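# sequence and predicted model, in that order:
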Amino acid sequence: MQKEDCFYLGKIVKKHSFKGEVIIKLDTDEPHLYGKMESVFVDLGNNLVPFFIEKSSLSKGTMLRVKFEDVDTEADAEAILRAGIYLPIDLLPKLTGKQFYYHEVIGFTVIDSAYGAVGTIVNINDTSAQPLFEIDRDGKEIFIPMIDDFIESVNREDKTIEVTTPEGLISLYLEE
């Protein structure tokens, strides 16, 4: 399994017991969907390795306590500490309407209600306080905040996102 075929679910953040249990901090708004998984992929040395789950329980919101098969000691748990957890993309619940996964809209065209076609989404920058669409317009970068009020519609068939941005935001990037 390759990373590009998977989505990031969370990270192993600490050991839980001397019997090899670990705590995974889930990076999701719906942790209850992942409480009864049979297996996950663990990122070890840039390889995704399948790990099978003996038992798991959700606690404290996004914390998942897990006992993996063949992880039976503190040392075993230490070896996978801080590793990323991944699942195949096809296991993501389908979103509808204006909701979308970041990876899903890469390559979509952004159309502004006043400006028209802005460009193509090449990345989602989620390192700032507000996630941003990174848009390429003939080699120029344009950043549009991913604010619910800006997003009018998401058309998965046409691969477009219609937005209404504040006046002057887009032209600010295109001025020479």
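Good, I have the coordinates. Residues are numbered from 1 along each chain as shown.
# helices or strands up against the helix or strand hosting Leu172?
Assigned by DSSP states H and E, Leu172 belongs to helix 169-174. Secondary-structure packing of helix 169-174 (3 or more Cβ pairs under 8 Å, 6 or more residues apart in numbering; DSSP states H and E): strand 140-145. Heads up, the C-betas are built off the backbone N, CA and C, glycines and all.
# ok, residues contacting the lowest-mean-pLDDT helix or strand in the chain?
In the chain, no helix or strand scores lower on mean pLDDT, DSSP states H and E than helix 169-174, which sits at a mean of 88. Defining contact as Cβ atoms under 8 Å, 6 or more residues apart in numbering, one finds that helix 169-174 is touched by Asp112, Tyr115, Val118, Arg137, Lys140, Glu141, Ile142, Phe143, Ile144.
# looking at the residues you listed, which one is closest to Arg82?
Nearest to Arg82 among these is Phe143, at 30.7 Å by Cβ to Cβ.
# pLDDT and distance to Ile12 added to the contacts of helix 169-174, as CSV?
Shown next, in CSV, are these (pLDDT from 0 to 100; distance: Cβ to Cβ, whole Å):
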residue, pLDDT, distance to Ile12
Asp112, 95, 42
Tyr115, 90, 44
Val118, 94, 39
Arg137, 94, 40
Lys140, 92, 40
Glu141, 94, 35
Ile142, 94, 37
Phe143, 94, 33
Ile144, 94, 34
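# which one of those is nearest Asp126?
Phe143 (12.2 Å).
# look up how far Ile124 lies from the closest residue to the closest one other than its chain neighbours.
Distances taken as Cβ to Cβ, 6 or more residues apart in numbering place Leu132 nearest to Phe143, at 4.6 Å, with adjacent residues excluded. Distance, Leu132 to Ile124, by Cβ to Cβ, to the nearest Å: 7 Å.
# ok, of the contacts of helix 169-174, which come out buried?
Buried residues within these, counting neighbours by 16 or more other Cβ atoms under 10 Å: Asp112, Tyr115, Val118, Ile142, Phe143, Ile144.
# what about Lys11, which SS state?
strand (DSSP: H, G, I helix; E, B strand; the rest coil).
# what about it, neighbour count?
Neighbour count of Lys11, defined by other Cβ atoms under 10 Å: 16.
# hey, what's it bridged with?
Lys25, Gly84 (DSSP bridges).
# wait, what's in contact with it?
Contacts of Lys11 (Cβ under 8 Å, 6+ apart): Ile24, Lys25, Asp27, Arg82, Ala83, Gly84, Ile85.
# tell me which of those has the lowest pLDDT.
Comparing pLDDT over the contacts of Lys11, the lowest score belongs to Asp27 (88).
# quick one: the residue lying closest to it once chain neighbours are set aside from Ile23, how far?
Spatial nearest neighbour of Asp27, excluding adjacent residues (Cβ to Cβ, 6+ apart): Gly10 at 4.9 Å. As judged by Cβ to Cβ, Gly10 and Ile23 stand 10 Å apart.
# since that was my last question, I'll sign off now.
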